[in-house]
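K.L.:
sequence first, then the predicted structure:
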Amino acid sequence: MKNTNYIINGILTVAVIVLFILHFSEGKRNKVMSNNVSFRSDSTRSLLPMAYIRTDSLLNSYKLFADLNEVSMRELENHRLDINQRKQRFEKEVQDFQQKIQLNAFITQERANQEGARLEKTRNDLEKYAAQIEQSLSEKQMRMQQQLQDSVLSGLKLFNTPQKYQIIFSNIGTDNFYYADDAYDITKEVVEFLNTRYTPAKE
(Lines give C-alpha, C1' and ligand atoms only; values in the text may rest on other atoms or scores of the structure.)
Protein backbone atom coordinates (compact mmCIF):
# COMPACT_ATOMS: atom_id res chain seq x y z
CA MET A 1 0.00 0.00 0.00
CA LYS A 2 2.83 2.34 0.93
CA ASN A 3 4.57 1.53 -2.31
CA THR A 4 1.40 2.35 -4.23
CA ASN A 5 1.16 5.77 -2.54
CA TYR A 6 4.79 6.48 -3.38
CA ILE A 7 4.20 5.59 -7.01
CA ILE A 8 1.05 7.74 -7.24
CA ASN A 9 2.76 10.68 -5.54
CA GLY A 10 5.73 10.31 -7.90
CA ILE A 11 3.46 10.32 -10.95
CA LEU A 12 1.59 13.38 -9.67
CA THR A 13 4.87 15.19 -9.02
CA VAL A 14 6.11 14.48 -12.56
CA ALA A 15 2.78 15.61 -14.00
CA VAL A 16 2.95 18.89 -12.08
CA ILE A 17 6.51 19.50 -13.26
CA VAL A 18 5.51 18.80 -16.90
CA LEU A 19 2.54 21.16 -16.65
CA PHE A 20 4.78 23.80 -15.07
CA ILE A 21 7.32 23.54 -17.89
CA LEU A 22 4.63 23.58 -20.58
CA HIS A 23 3.00 26.63 -19.05
CA PHE A 24 6.14 28.73 -18.99
CA SER A 25 7.51 27.51 -22.31
CA GLU A 26 4.20 28.42 -23.95
CA GLY A 27 4.36 31.86 -22.43
CA LYS A 28 7.90 32.30 -23.71
CA ARG A 29 6.91 31.10 -27.19
CA ASN A 30 4.00 33.53 -27.30
CA LYS A 31 6.34 36.32 -26.24
CA VAL A 32 8.79 35.47 -29.06
CA MET A 33 5.96 35.28 -31.58
CA SER A 34 4.60 38.60 -30.44
CA ASN A 35 8.04 40.15 -30.90
CA ASN A 36 8.56 38.67 -34.37
CA VAL A 37 5.05 39.17 -35.69
CA SER A 38 4.51 42.78 -34.83
CA PHE A 39 1.77 44.66 -36.61
CA ARG A 40 1.81 48.08 -38.20
CA SER A 41 -1.44 49.91 -37.62
CA ASP A 42 -3.14 52.48 -39.78
CA SER A 43 -6.56 54.05 -39.55
CA THR A 44 -8.42 51.07 -40.99
CA ARG A 45 -6.51 47.88 -40.29
CA SER A 46 -3.37 46.19 -39.03
CA LEU A 47 -0.84 45.09 -41.63
CA LEU A 48 1.70 42.32 -41.36
CA PRO A 49 5.34 43.50 -41.36
CA MET A 50 5.83 42.65 -45.03
CA ALA A 51 5.55 44.41 -48.37
CA TYR A 52 6.17 43.90 -52.07
CA ILE A 53 7.69 45.84 -54.94
CA ARG A 54 6.57 45.71 -58.57
CA THR A 55 9.99 45.26 -60.13
CA ASP A 56 8.98 46.25 -63.65
CA SER A 57 7.47 49.52 -62.38
CA LEU A 58 10.51 50.18 -60.20
CA LEU A 59 12.89 49.76 -63.14
CA ASN A 60 10.77 51.94 -65.41
CA SER A 61 10.91 54.75 -62.84
CA TYR A 62 14.40 54.37 -61.37
CA LYS A 63 16.74 57.01 -62.82
CA LEU A 64 19.81 54.79 -62.53
CA PHE A 65 18.16 52.13 -64.69
CA ALA A 66 17.20 54.75 -67.29
CA ASP A 67 20.79 56.08 -67.41
CA LEU A 68 22.36 52.61 -67.60
CA ASN A 69 19.90 51.62 -70.30
CA GLU A 70 20.72 54.77 -72.28
CA VAL A 71 24.45 54.05 -72.07
CA SER A 72 23.88 50.44 -73.11
CA MET A 73 21.70 51.40 -76.08
CA ARG A 74 24.17 54.06 -77.23
CA GLU A 75 27.09 51.62 -77.13
CA LEU A 76 25.07 48.97 -78.93
CA GLU A 77 24.11 51.41 -81.68
CA ASN A 78 27.70 52.67 -82.07
CA HIS A 79 29.11 49.16 -82.31
CA ARG A 80 26.39 48.08 -84.71
CA LEU A 81 27.19 51.07 -86.93
CA ASP A 82 30.90 50.23 -86.76
CA ILE A 83 30.32 46.57 -87.69
CA ASN A 84 27.98 47.48 -90.56
CA GLN A 85 30.47 49.97 -91.97
CA ARG A 86 33.26 47.37 -91.83
CA LYS A 87 31.00 44.82 -93.54
CA GLN A 88 30.10 47.27 -96.29
CA ARG A 89 33.79 48.04 -96.96
CA PHE A 90 34.56 44.34 -97.08
CA GLU A 91 31.63 43.60 -99.42
CA LYS A 92 32.84 46.41 -101.72
CA GLU A 93 36.33 44.87 -101.82
CA VAL A 94 34.82 41.45 -102.64
CA GLN A 95 32.78 42.98 -105.47
CA ASP A 96 35.88 44.72 -106.84
CA PHE A 97 37.80 41.45 -106.66
CA GLN A 98 35.07 39.53 -108.49
CA GLN A 99 34.88 42.23 -111.14
CA LYS A 100 38.66 42.09 -111.69
CA ILE A 101 38.44 38.29 -112.03
CA GLN A 102 35.69 38.61 -114.65
CA LEU A 103 37.66 41.27 -116.55
CA ASN A 104 40.88 39.29 -116.27
CA ALA A 105 42.47 42.36 -114.70
CA PHE A 106 45.08 40.52 -112.61
CA ILE A 107 48.46 40.28 -114.30
CA THR A 108 49.14 36.81 -112.95
CA GLN A 109 47.15 34.04 -111.30
CA GLU A 110 49.45 34.31 -108.31
CA ARG A 111 48.42 37.95 -107.84
CA ALA A 112 44.74 36.94 -107.96
CA ASN A 113 45.37 34.20 -105.40
CA GLN A 114 47.14 36.66 -103.07
CA GLU A 115 44.19 39.06 -103.25
CA GLY A 116 41.74 36.21 -102.60
CA ALA A 117 43.77 35.11 -99.55
CA ARG A 118 43.84 38.68 -98.26
CA LEU A 119 40.07 38.97 -98.55
CA GLU A 120 39.62 35.63 -96.77
CA LYS A 121 41.78 36.86 -93.89
CA THR A 122 39.82 40.12 -93.78
CA ARG A 123 36.57 38.14 -93.54
CA ASN A 124 37.94 36.01 -90.67
CA ASP A 125 39.24 39.09 -88.85
CA LEU A 126 35.86 40.79 -89.23
CA GLU A 127 34.04 37.77 -87.77
CA LYS A 128 36.45 37.66 -84.81
CA TYR A 129 36.05 41.39 -84.24
CA ALA A 130 32.25 41.10 -84.27
CA ALA A 131 32.41 38.20 -81.77
CA GLN A 132 34.73 40.19 -79.47
CA ILE A 133 32.40 43.18 -79.58
CA GLU A 134 29.40 40.97 -78.75
CA GLN A 135 31.31 39.42 -75.83
CA SER A 136 32.37 42.84 -74.58
CA LEU A 137 28.81 44.17 -74.72
CA SER A 138 27.53 41.08 -72.91
CA GLU A 139 30.07 41.54 -70.10
CA LYS A 140 29.20 45.24 -69.78
CA GLN A 141 25.53 44.35 -69.63
CA MET A 142 26.20 41.91 -66.79
CA ARG A 143 28.20 44.54 -64.89
CA MET A 144 25.40 47.06 -65.33
CA GLN A 145 22.84 44.56 -64.07
CA GLN A 146 25.02 43.87 -61.04
CA GLN A 147 25.43 47.60 -60.43
CA LEU A 148 21.67 48.06 -60.62
CA GLN A 149 21.00 45.13 -58.29
CA ASP A 150 23.58 46.35 -55.76
CA SER A 151 22.09 49.83 -55.84
CA VAL A 152 18.55 48.58 -55.25
CA LEU A 153 19.54 46.18 -52.45
CA SER A 154 21.71 48.72 -50.62
CA GLY A 155 18.96 51.31 -51.03
CA LEU A 156 16.35 48.92 -49.64
CA LYS A 157 18.48 48.30 -46.56
CA LEU A 158 18.55 52.03 -45.86
CA PHE A 159 14.88 52.39 -46.74
CA ASN A 160 14.05 49.67 -44.23
CA THR A 161 16.07 51.30 -41.42
CA PRO A 162 14.77 51.40 -38.77
CA GLN A 163 13.25 48.06 -39.62
CA LYS A 164 9.73 48.50 -40.95
CA TYR A 165 9.34 45.18 -42.72
CA GLN A 166 10.49 41.64 -41.98
CA ILE A 167 10.06 40.58 -45.63
CA ILE A 168 9.99 42.57 -48.88
CA PHE A 169 8.91 40.54 -51.90
CA SER A 170 9.59 41.29 -55.54
CA ASN A 171 7.31 40.55 -58.44
CA ILE A 172 7.35 41.25 -62.17
CA GLY A 173 3.96 41.98 -63.67
CA THR A 174 1.62 39.47 -62.01
CA ASP A 175 4.29 36.78 -61.47
CA ASN A 176 4.71 35.24 -58.00
CA PHE A 177 1.40 36.58 -56.68
CA TYR A 178 -2.11 35.37 -57.42
CA TYR A 179 -3.40 38.25 -55.35
CA ALA A 180 -1.76 40.97 -53.27
CA ASP A 181 -3.50 43.82 -51.49
CA ASP A 182 -2.38 47.25 -52.72
CA ALA A 183 -1.79 48.24 -49.10
CA TYR A 184 1.35 46.10 -49.19
CA ASP A 185 2.68 47.72 -52.38
CA ILE A 186 5.60 50.02 -51.51
CA THR A 187 6.90 50.46 -55.08
CA LYS A 188 6.25 54.20 -55.22
CA GLU A 189 7.87 54.86 -51.85
CA VAL A 190 10.96 52.83 -52.78
CA VAL A 191 11.33 54.50 -56.20
CA GLU A 192 11.14 57.95 -54.63
CA PHE A 193 13.70 56.94 -52.01
CA LEU A 194 16.11 55.45 -54.57
CA ASN A 195 15.82 58.43 -56.92
CA THR A 196 16.48 60.82 -54.05
CA ARG A 197 19.72 58.96 -53.28
CA TYR A 198 20.83 58.68 -56.93
CA THR A 199 23.41 61.10 -58.27
CA PRO A 200 24.07 60.76 -62.03
CA ALA A 201 27.71 60.24 -62.97
CA LYS A 202 29.36 63.23 -64.61
CA GLU A 203 30.32 62.57 -68.23
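P.N.:
The structure has been received and is ready for your questions.

K.L.:
tell me the pLDDT of Asn104.
P.N.:
We have a pLDDT of 89 for Asn104.

K.L.:
which element is it on?
P.N.:
Here Asn104, judged by DSSP states H and E, is contained in no helix and no strand.

K.L.:
neighbours of it, how many?
P.N.:
8 (other Cβ atoms under 10 Å). No exception for glycine: its C-beta is placed from N, CA and C like everyone else's.

K.L.:
and if you look at the one 10 residues further on?
P.N.:
When neighbours are defined as other Cβ under 10 Å, Gln114 has 12 of them.

K.L.:
roughly how far does it sit from Phe106?
P.N.:
Noted for Gln114: a distance of 9 Å to Phe106, by Cβ to Cβ, to the nearest Å.

K.L.:
check which helices and strands whichever helix in the chain runs longest sits against.
P.N.:
The longest helix of the chain (DSSP state H) is helix 109-159. Packing contacts for helix 109-159, counted by 3 or more Cβ pairs under 8 Å, 6 or more residues apart in numbering; DSSP states H and E, involve helix 63-102, helix 187-197.

K.L.:
and the helix or strand just after it, how far out from the chain middle?
P.N.:
Sequence-wise, the next helix or strand downstream of helix 109-159 (DSSP H and E) is strand 167-171. Taking Cα atoms, centre = their mean, to the nearest Å, one finds the center of strand 167-171 at 13 Å from the center of the full chain.

K.L.:
what does stretch 185-200 give?
P.N.:
16 Å.

K.L.:
buried residues in that stretch?
P.N.:
For stretch 185-200, burial by neighbour count (16 or more other Cβ atoms under 10 Å) applies to 185-187, 190-191, 193-194.

K.L.:
nearest to Gln85, of the residues you listed?
P.N.:
Nearest to Gln85 out of the buried residues of stretch 185-200 is Leu194 (Cβ to Cβ; 39.0 Å).

K.L.:
can you tell me the closest non-neighbouring residue to the closest one?
P.N.:
Gly155 (4.7 Å; Cβ to Cβ, 6 or more residues apart in numbering).
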